[in-house]
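In: model this:
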Amino acid sequence: MLGGCAGKGEIEDGGITAVRSACPQVAVPAGTGDITLFDPATSRDSTAIDVTATITDVRSTCGDAGDQVNTAVTFDVIARRTHTEAARDVVLPYFVTVVRGGSAVVAKRVGSVTVHFDAGRDRAQASAAGSAQIARAAATLPDDVRAELTRRRKPGDQDAAVDPLSKPEIRQAVLRVTFEALVGFQLTDDQLKYNAQR
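Out: Numbers count the residues shown, from 1 in each chain. Sure thing, here's the model as predicted:
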C-alpha cells in the first residue's frame, strides 16, 4: 500500500523512500463487476439472458487535507440487452463500501444507476458515483511504527536486510490504517453464484 516514490533524492545510501497516502485504494471486488438479468428471472439458460452490464472506468479523487479523508468515486456502466424493440430503462443497484485491513467492512452505501436503451439499440451506457469518508486519525500510522518503517538501516547492520513488514506487529499496524473503497453491483446470492460459476 505504498503509493509512489518520494521524488527528489528517492534513492539514497542504497535505500528507497516511499510515500504512503491516507487515501483509500479504489477497486471492484471479484465477482461483483458484472450483472446478468434473466427473463424469466428463475431461468439460468443462456437463451433467457435479458440484460448484461459491466462496471468499467472506475476513477477516484481524494481530498486528505483535513480531519476527514474524502474520496469521490465515479464509474461507468456498459449494458447490453437481447430484446431491442422498444425503448427501456433498466435500474441496476450498486454499492460503495469502505474496507479496513483487507477484510473488515466499516461502511456501506447502496445506490442505483439507470441505464436507458433507445428503441432499436442493444447497447447503452450510464455513469454513476459514490463516496467514502475516513477519519484521518484512523488512517495514520502511530509514531513508533512510522519510526520503525523509516529508520535508516546501513549495510552491515544486523537487521539491514530485514523487511520491517515481516514483523507481525508492524504488519498488523499497517493493515489497521489501510483502507479500500470498493464499488460493485449489489447482487443477490443467486447472481453471485452465477458470476462465480460461469
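In: could you measure from residue 40 over to residue 48?
Out: 6 Å (Cβ to Cβ, to the nearest Å). From N, CA and C alone the C-beta is placed, and that goes for glycine too.
In: likewise residue 166?
Out: Relative to residue 48, residue 166 is positioned 52 Å away (Cβ to Cβ).
In: compare those two (neighbour count), which wins?
Out: Counted by other Cβ atoms under 10 Å, residue 166 and residue 48 do not tie: residue 48 has more neighbours, with 15 against 9.
In: model confidence score at the residue nearest to that one when sequence neighbours are not counted, please.
Out: Leaving aside its sequence neighbours, residue 48 sits nearest to residue 38 (Cβ to Cβ, 6 or more residues apart in numbering; 4.6 Å). At residue 38, the pLDDT value in this model is 96.
In: give me the mean pLDDT for stretch 185-198.
Out: Stretch 185-198 comes out with an average pLDDT of 93.
In: got the buried residues for that stretch?
Out: 185, 187, 191, 194, 195 (16 or more other Cβ atoms under 10 Å).
In: mind giving me the packing neighbours of the helix or strand where the last one lies?
Out: If I follow you right, that is residue 195. Counting by DSSP states H and E, the element that carries residue 195 is helix 189-197. Where contact means 3 or more Cβ pairs under 8 Å, 6 or more residues apart in numbering; DSSP states H and E, helix 189-197 is packed against strand 34-38.
In: what does the helix or strand that residue 181 is a member of contact?
Out: Assigned by DSSP H and E, residue 181 belongs to strand 179-185. Here strand 179-185 makes contact (Cβ atoms under 8 Å, 6 or more residues apart in numbering) with 24-29, 31-35, 53, 55, 58, 60, 71, 73, 75, 92-100, 102, 106, 130, 132, 134, 138-139, 191.
In: so which residue is smack in the middle of this protein?
Out: For the chain, the residue nearest the mean C-alpha position is residue 27 (2.3 Å; Cα atoms, centre = their mean).
In: and it, how close does it get to residue 107?
Out: 16 Å.
In: of the buried residues of stretch 185-198, which is the nearest to residue 114?
Out: residue 185 (13.8 Å; Cβ to Cβ).
In: residue 100 - how many residues pack around it?
Out: Neighbour count for residue 100, taken as other Cβ under 10 Å: 19.
In: from residue 44, how far out is the spatially closest residue to it that is not a sequence neighbour?
Out: Closest residue to residue 100 apart from its sequence neighbours, by Cβ to Cβ, 6+ apart: residue 106 at 5.1 Å. Counting by Cβ to Cβ, the gap between residue 106 and residue 44 amounts to 34 Å.
In: tell me how many other residues crowd residue 84.
Out: Using other Cβ under 10 Å, residue 84 has 15 other residues around it.
In: whoops, I mixed them up, residue 136
Out: 13.
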